[in-house]
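S.K.: All I have is the shape, not the residue letters:
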């Protein structure tokens with residue numbers, strides 16, 4: 001789903017929402033699927049920090065969803081190429097490594113959740129379970145913490161969950177070649193030692 005400048009120019013968008021989103025600058029913006037947004041609980045402070053919702057009424061109620069992005073000279077932008085590793089990701093990488101070693105990742109997980117849920121933390125406290133249960137919780141926490149930071153695909157591949165959690169892959173279980181790009185014919189022609197990835 002994407003949002004166009006036209007969508008953001010609808011006359012019935014509330015003023016506070018327009019102020020939050022800013023000017024479209026002539027660009028179309030991609031919006032995350034509701035499947036991702038709906039995994040956030042209402043008391044997760046990362047939800048409000050990550051999403052801004054635009055409600056419009058045409059023939060029926062509809063909603064458009066976009067990320068916060070960043071403002072530059074009064075125009076809201078949603079694309080950049082800056083790779084950032086934050087302390088939150090460091091904690092989640094440590095939790096993942098500890099769990100893989102059979103250790104308890106609760107300390108790292110709860111540092112993340114303490115900040116995310118604030119006064120509601122007690123309802124979301126992480127308690128270590130089996131290694132598989134912990135992996136699932138860590139993967140989910142990475143979604144919440146890093147949703148627009150370009151990490152999700154690699155997380156799903158690394159955890160072996162791409163065919164389970166990517167809607168367009170669910171009917172293709174076992175077709176592991178879909179996890180790789182094909183190598184371009186031009187690249188293959190330049191080096192006889194390069195072999196095409198399986199499945200292409």
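M.R.: Cool, got the structure. Nothing here was measured: the structure is a model prediction, and the numbers come from that model.
S.K.: got the buried residues for the longest helix anywhere in the chain?
M.R.: Longest helix in the chain, counting residues (DSSP state H): helix 131-146. Buried residues in helix 131-146, counting neighbours by 16 or more other Cβ atoms under 10 Å, are found at 134-135, 137-139, 141-146. (Glycine included, C-beta is placed from N, CA and C.)
S.K.: Show me which of those is closest to residue 40.
M.R.: The closest of the buried residues of helix 131-146 to residue 40 turns out to be residue 144 (Cβ to Cβ; 6.3 Å).
S.K.: The closest one against residue 39, yeah?
M.R.: Yes: counting by Cβ atoms under 8 Å, residue 39 is a contact partner of residue 144 at 7.5 Å.
S.K.: Now do the spatially most central residue of the chain against residue 46, distance only.
M.R.: Residue closest to the average C-alpha location in the chain (Cα atoms, centre = their mean): residue 147, at 2.5 Å. In this view, residue 147 and residue 46 are 8 Å apart by Cβ to Cβ, to the nearest Å.
S.K.: Next: residue 194.
M.R.: Plainly put, residue 194 is 42 Å away from residue 46 if you go by Cβ to Cβ.
S.K.: These two: who's more crowded?
M.R.: residue 46 (19 against 11; other Cβ atoms under 10 Å).
S.K.: Verify the stated contact: the more buried one with residue 40.
M.R.: Yes: here residue 46 reaches residue 40: they are 6.7 Å apart, a contact under Cβ under 8 Å.
S.K.: Spit out the residues that contact those two alike.
M.R.: residue 144 (Cβ atoms under 8 Å, 6 or more residues apart in numbering).
S.K.: Help me confirm that residue 47 is found in a helix?
M.R.: Yes: the assignment for residue 47 by DSSP: H, G, I helix; E, B strand; the rest coil puts it in a helix.
S.K.: quick one: it and residue 118, what's the gap?
M.R.: From residue 47 to residue 118 the distance is 12 Å (Cβ to Cβ).
S.K.: Neighbour count: the two, which is higher?
M.R.: In this view residue 47 and residue 118 are compared by other Cβ under 10 Å, and residue 47 has more residues nearby, 17 against 11.
S.K.: so the more buried one touches residue 36, yeah?
M.R.: No: with contact defined as Cβ under 8 Å, residue 47 does not count as touching residue 36 (10.9 Å).
S.K.: Who's the closest spatial neighbour of residue 121, skipping the chain neighbours?
M.R.: Spatially, and ignoring its direct neighbours in sequence, residue 121 is nearest to residue 114 (5.1 Å; Cβ to Cβ, 6 or more residues apart in numbering).
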